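Chemist: only the shape, not the letters, is given here:
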């Protein structure tokens with residue numbers, strides 16, 4: 001995988017990469033999954049029933065499930081997990097409303113958890129009981145391991161951790177007590193850290209590794225010509241540039257508009273991605289009713305020059321990018337496009353871990369990197385576009401949007417939610433806290449004997465480990 005492992009504790013503040021999530025997802029099951037259309041798929045939870053005008057959700061849990069340490073999965077484990085999210089307030093992938101609006105989580109009985117909210121939130125199950133927030137750890141293991149839980153995680157999942165070596169690999173072995181054991185194919189999975197996509201493709205071709213994952217498909221043609229299986233996963237969210245709006249220049253909307261208007265997205269797709277993705281100015285899928293017809297300013301270099309002239313000061317930025325991938329080629333081209341309108345930039349390449357550390361510490365100007373937003377709904381954008389959002393990594397503040405997010409959560413149905421969602425996207429597209437560039441695309445490559453899994457709803461470069469097998 002093209003990312004290093006930081007921690008397998010989903011509540012930890014450095015749980016951020018597809019490697020962290022994929023490995024943790026193998027060890028810990030979520031309450032619900034999401035299908036490609038955003039519908040709930042039962043996992044540890046069988047159903048969630050709303051009452052009290054979407055202020056109470058009663059969640060029925062699966063019976064007879066145990067954590068790999070032998071303790072029971074039950075409502076008390078769910079209560080403990082969500083209480084930790086509220087207490088620590090460090091979960092990067094958790095919606096802010098899990099902290100602000102979840103008043104209490106109680107165990108009605110051993111297999112029923114009740115979530116009581118301070119305000120209506122119609123999409124609570126889809127946002128709060130899935131993905132990173134929905135991964136349930138063993139409370140006993142959490143208590144015993146403390147801060148070391150990220151290296152010694154315990155869940156109900158198909159696998160257990162055998163070894164974690166940062167910078168090199170994570171080894172998982174089959175959990176024979178898992179409720180999914182009969183549907184889990186591999187006995188052992190080694191997730192290898194390989195930052196360079198070309199090297200990873202060559203390793204698949206030579207048989208050194210069975211399957212590779214890339215956050216960008218820059219070696220797709222090479223892999224296909226070598227006779228390998230290639231699966232391109234198109235996401236519903238974009239890849240693009242986040243901006244630190246506390247930096248001079250970037251705090252002015254005219255400069256941010258000029259940065260967006262200077263980017264020829266068609267050229268970026270052609271040169272950096274071999275045409276394997278799609279240019280975009282949208283935060284969600286262009287045909288999504290919430291997004292349709294809304295986007296950040298498109299390519300217009302002459303207008304970009306005018307905006308910079310109105311700003312009246314030199315604009316110089318450092319552009320961080322991920323090393324060894326499409327990001328470098330895209331960044332170099334964007335640097336040229338910015339220079340053509342009068343914006344000077346330098347490029348600094350870094351590992352995914354280094355970039356995330358810089359972004360989390362606000363030690364950056366602009367960043368074309370995996371730190372970009374990843375969601376398929378406006379409700380999910382709250383984590384990046386609300387003032388208190390844990391992934392609001394550029395200091396974006398729009399008080400109207402904060403109020404609109406609260407109203408969106410209280411909307412009784414989709415018809416009521418739609419105009420609120422569209423106004424949030426309109427505001428963000430006008431403010432430009434981040435710049436969508438291309439549709440997020442990932443790639444799985446494998447030899448002919450590997451059954452390739454579907455991409456997980458969490459992202460184009462994540463998958464469920466139990467869904468992979470080798471034909472013998």
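Modeler: Now that the structure is in, tell me what you want to look at. All of these numbers come straight from a predicted model, not from anything done at the bench. Residues are numbered from 1 along each chain as shown.
Chemist: contact partners of stretch 76-86?
Modeler: 11, 31, 59, 61, 67, 91, 94, 98-99, 102, 105-107, 110, 113, 115, 133, 136-139, 142 (CB atoms under 8 Å, 6 or more residues apart in numbering). From N, CA and C alone the C-beta is placed, and that goes for glycine too.
Chemist: so which bits of that stretch are buried?
Modeler: For stretch 76-86, burial by neighbour count (16 or more other CB atoms under 10 Å) applies to 77-82, 84-86.
Chemist: give me the mean pLDDT for that stretch.
Modeler: The pLDDT scores in stretch 76-86 average 97.
Chemist: got the end-to-end distance for stretch 185-203?
Modeler: Stretch 185-203 has its terminal residues 23 Å apart, counting by CA to CA, to the nearest Å.
Chemist: so which bits of it are buried?
Modeler: 186, 189, 191-195, 197, 200-203.
Chemist: with distance to residue 316, secondary structure and pLDDT added, can I get these in a markdown table?
Modeler: Below are the buried residues of stretch 185-203 laid out as a markdown table (distance: CB to CB, whole Å; DSSP: H, G, I helix; E, B strand; the rest coil; pLDDT from 0 to 100):
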| residue | distance to residue 316 | secondary structure | pLDDT |
| --- | --- | --- | --- |
| 186 | 50 | coil | 87 |
| 189 | 46 | strand | 94 |
| 191 | 39 | strand | 95 |
| 192 | 39 | strand | 94 |
| 193 | 34 | coil | 90 |
| 194 | 34 | coil | 88 |
| 195 | 29 | coil | 77 |
| 197 | 31 | helix | 80 |
| 200 | 35 | helix | 88 |
| 201 | 37 | helix | 89 |
| 202 | 39 | helix | 90 |
| 203 | 40 | helix | 93 |
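Chemist: for these, which one is nearest residue 455?
Modeler: Of all the buried residues of stretch 185-203, residue 191 has the smallest distance to residue 455: 15.7 Å, by CB to CB.
Chemist: from residue 169, how far off is that closest one?
Modeler: As judged by CB to CB, to the nearest Å, residue 191 and residue 169 stand 6 Å apart.
Chemist: repeat that for residue 127.
Modeler: With CB to CB as the criterion, residue 127 and residue 169 are 32 Å apart.
Chemist: those two: which has the busier surroundings?
Modeler: More neighbours surround residue 127 than the other of residue 127 and residue 169, with 23 against 17 (other CB atoms under 10 Å).
Chemist: shouldn't the more buried one be in contact with residue 381?
Modeler: No: here residue 127 lies out of contact with residue 381, judged by CB atoms under 8 Å, at a distance of 10.4 Å.
Chemist: does residue 136 really touch residue 153, like I thought?
Modeler: No: using CB under 8 Å, residue 136 makes no contact with residue 153, being 11.1 Å away.
Chemist: okay, and the common contacts of the two?
Modeler: Joint contacts of residue 136 and residue 153 (CB under 8 Å, 6+ apart) are residue 28.
Chemist: which among the contacts of stretch 76-86 count as buried?
Modeler: Among the contacts of stretch 76-86, those buried by neighbour count (16+ other CB under 10 Å) are 11, 31, 59, 61, 67, 91, 94, 98-99, 102, 105, 107, 113, 115, 133, 136-139, 142.
Chemist: in helices, which of those residues appear?
Modeler: 98-99, 133, 139, 142 (DSSP state H).
Chemist: and the nearest residue in space to residue 89 that is not next to it in sequence, how far from residue 83?
Modeler: Using CB to CB, 6 or more residues apart in numbering and skipping the chain neighbours, the partner closest in space to residue 89 is residue 99 (5.5 Å). From residue 99 over to residue 83 the distance is 11 Å, taken as CB to CB.
Chemist: please apply the same query to residue 49.
Modeler: Taken as CB to CB, the span from residue 49 to residue 83 is 21 Å.
Chemist: ditto for residue 193
Modeler: From residue 193 to residue 83 the distance is 33 Å (CB to CB).
Chemist: again, but for residue 433
Modeler: Applying CB to CB, the value for residue 433 to residue 83 is 31 Å.
Chemist: touching, residue 9 and residue 152? I think so.
Modeler: No: if you go by CB under 8 Å, residue 9 and residue 152 don't touch, sitting 9.4 Å apart.
Chemist: okay, the two: which has more neighbours?
Modeler: residue 9 (26 against 15).
Chemist: list the residues that contact the nearest residue to the more buried one once chain neighbours are set aside.
Modeler: Using CB to CB, 6+ apart and skipping residues adjacent in sequence, the residue nearest residue 9 is residue 150, 3.7 Å away. Counting by CB under 8 Å, 6+ apart, residue 150 makes contact with 6-9, 12, 15.
Chemist: which parts of the lengthiest helix in the chain are buried?
Modeler: Determined from DSSP H, the single longest helix within the chain is helix 414-431. Neighbour counts over helix 414-431 (16+ other CB under 10 Å) mark 417, 420-425, 427-429, 431 as buried.
Chemist: and those residues as TSV, adding distance to residue 442 and pLDDT?
Modeler: As requested, these are arranged in TSV below (distance: CB to CB, whole Å; pLDDT from 0 to 100):
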residue	distance to residue 442	pLDDT
417	29	88
420	31	95
421	26	94
422	28	96
423	31	97
424	27	96
425	24	96
427	29	97
428	24	95
429	25	96
431	28	96
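Chemist: hey, which strand is longest across the protein?
Modeler: Across the chain, the strand with the greatest residue count (assigned by DSSP state E) is strand 229-243.
Chemist: and it, how far out from the chain's middle?
Modeler: 10 Å (CA atoms, centre = their mean, to the nearest Å).
Chemist: and residue 31, how far is that from residue 339?
Modeler: For residue 31, the distance to residue 339 equals 49 Å [CB to CB].
Chemist: apologies, that question was intended for residue 10.
Modeler: Distance from residue 10 to residue 339, by CB to CB: 41 Å.
Chemist: more crowded one of the two?
Modeler: Neighbour comparison, residue 10 and residue 339: the larger count goes to residue 10, with 29 against 12 (by other CB under 10 Å).
Chemist: right, and the more buried one touches residue 142 too?
Modeler: No: counting by CB under 8 Å, residue 10 does not reach residue 142; the two are 11.1 Å apart.
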